[in-house]
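K.L.:
Coordinates only, no sequence provided:
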């Protein structure tokens, strides 16, 4: 999937991946896609809840090299 910006939250524990994802999205314009990489298993539930609460679309989530990968589209 194509993305405009990437944020690597590897090694960060909850709630830092979400806090920093929110900050990364703030610098982006509506419709742009942010790719987030995380090693925190809790980020799977957290990212879905974050997307729902903020109105940003969680386009895709999966795993890659034992890391969690998310694609969020800014609202």
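P.N.:
The structure has been received and is ready for your questions. All figures in this text were calculated on a predicted structure; none of them were measured in a lab.

K.L.:
Output the contacting helices and strands for the helix or strand hosting residue 72.
P.N.:
Element membership for residue 72 (DSSP states H and E) is strand 67-73. If you count contacts as 3 or more CB pairs under 8 Å, 6 or more residues apart in numbering; DSSP states H and E, strand 67-73 packs onto strand 33-38, helix 43-54, strand 57-64. Where C-beta positions appear, they are placed from N, C-alpha and C, glycine not excepted.

K.L.:
Pull the contacting residues for residue 14.
P.N.:
Applying CB atoms under 8 Å, 6 or more residues apart in numbering to residue 14 gives the contacts 40, 42-43, 46.

K.L.:
Need those residues in TSV (columns: distance to residue 16).
P.N.:
Below are the contacts of residue 14 laid out as TSV (distance: CB to CB, whole Å):
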residue	distance to residue 16
40	8
42	11
43	10
46	10
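
K.L.:
Buried ones among those?
P.N.:
Neighbour counting over the contacts of residue 14 (16 or more other CB atoms under 10 Å) leaves 40, 43, 46 as the buried ones.

K.L.:
Same list as before, these that is, but in a markdown table and with pLDDT and distance to residue 74 included.
P.N.:
Shown next, in a markdown table, are the buried ones among the contacts of residue 14 (pLDDT from 0 to 100; distance: CB to CB, whole Å):
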| residue | pLDDT | distance to residue 74 |
| --- | --- | --- |
| 40 | 95 | 22 |
| 43 | 94 | 18 |
| 46 | 95 | 18 |
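
K.L.:
Thanks a lot, catch you later.
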